[in-house]
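Asker: Here is a sequence with its predicted model. Questions after.
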Amino acid sequence: MACKNSNSSKQEAQQNTLAQENIESDSGRAHGEWQHLFDGTSLNGWRGYGEDGLPPGWVIKNKVLTYDTKLGLEEDYQGGRDIIYGAEEFDNFELHVEWKLPKGGNSGIFYHIKEGYSDPSKVAPEYQLIDDENYAKIHALAGYNKSLGHTEGLSELKPLNRTAADYSMHAPDLDKKHLNPVGEWNSSRIVFTPEKVEYWLNGVEVVSFKPWSEEWNKKKNSGKWKGSPDYGKFKTGYIGLQDHASPIWFRNIKIRKL
């Protein structure tokens with residue numbers, strides 16, 4: 001058991017080092033200094049979406065931004081109380097986040113959020129965070145998949161809904177993707193410019209697309225977002241974290257303007 005824990009800690013350290021090296025190697029394209037949205041000591045600037053304060057459960061534990069709740073089932077999910085960094089909006093940026101989930105967990109990272117809607121997902125693109133391995137074993141997905149127009153494999157977690165996907169828009173490259181097991185830290189990075197958007201996972205780019213392009217609009221208007229005219233249209237907005245009825249842990253949340 002001691003050996004197993006040692007190997008796990010070593011792998012975690014290597015992954016975090018790799019992610020940091022990739023961030024630093026790309027510093028030539030940045031026009032701003034790193035700004036910490038969460039540094040382990042304060043939740044200044046954070047509040048609930050459409051709220052004045054933080055919803056219950058969002059706390060700091062051991063210098064980690066924690067959503068302290070019990071795991072809910074997908075079939076019972078009716079929306080949550082997502083949080084945003086409401087002190088400043090961002091347009092072009094590079095965002096770095098470290099996170100981990102429990103078994104069966106689900107969350108996401110939103111950007112370009114605007115308030116005034118029922119929830120951020122109506123307008124904001126999402127970098128999906130989910131337990132790829134166990135989610136379909138724990139949650140009943142048939143109803144959800146039917147709502148998206150699927151007729152086959154209704155019990156499966158679809159590629160567009162897996163970790164590092166541009167949720168319901170662009171699936172991650174599975175040949176490049178490496179997701180650490182539940183309970184271990186992962187690092188994610190979003191780079192947004194009008195010319196190209198990149199999603200990185202544990203130091204490797206797994207998604208890229210051009211926002212507002214003909215291809216992008218075709219995907220938007222033929223899938224989950226065809227009934228959401230304001231989805232993805234905003235070019236600036238808040239950064240946010242999703243409450244999907246699941247415990248979630250975040251650390252080292254930082255951003256720089258491009």
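Answerer: Cool, got the structure. Numbering: from 1, shown residues only.

Asker: List the contacts of the nearest residue to G80 once chain neighbours are set aside.
Answerer: Excluding the flanking residues, the one nearest G80 by CB to CB, 6 or more residues apart in numbering is D243, at 3.1 Å. C-beta coordinates here come from the backbone N, C-alpha and C atoms, glycine included. Taking CB atoms under 8 Å, 6 or more residues apart in numbering, we find D243 in contact with 55, 57, 67, 69, 80-83, 107.

Asker: isn't K114 right up against G232?
Answerer: No: with contact defined as CB atoms under 8 Å, K114 does not count as touching G232 (11.1 Å).

Asker: Identify, by residue count, the longest strand of the protein.
Answerer: Using DSSP state E, we find that the single longest strand of the chain is strand 248-257.

Asker: Could you give the separation of that one from the chain centroid?
Answerer: 11 Å (CA atoms, centre = their mean, to the nearest Å).

Asker: Direction included, what does that strand pair against?
Answerer: strand 35-38 (antiparallel), strand 64-67 (antiparallel), strand 93-100 (antiparallel) (DSSP bridges).

Asker: now those as TSV including mean pLDDT, distance to K254 and mean neighbour count?
Answerer: Shown next, in TSV, are the strands paired with strand 248-257 (pLDDT from 0 to 100; distance: least, CB to CB, whole Å; neighbours: other CB atoms under 10 Å):
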stretch	mean pLDDT	distance to K254	mean neighbour count
strand 35-38	97	5	18
strand 64-67	98	12	21
strand 93-100	98	5	21
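
Asker: Any chance of those strands in JSON lines with distance to K257 as columns?
Answerer: Listed next are the strands paired with strand 248-257 as JSON lines, based on distance: least, CB to CB, whole Å:
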{"stretch": "strand 35-38", "distance to K257": "8"}
{"stretch": "strand 64-67", "distance to K257": "22"}
{"stretch": "strand 93-100", "distance to K257": "6"}
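
Asker: And the helices in the protein, which stretches?
Answerer: Taking DSSP state H to define them, one finds helices in the chain at 2-25, 135-138, 142-147, 214-222.

Asker: Model confidence score at H150, please.
Answerer: In this model, H150 is scored at 89, pLDDT.

Asker: how about the nearest residue to it, chain neighbours excluded?
Answerer: Nearest one to H150, counting by CB to CB, 6+ apart, is K158 at 7.0 Å.
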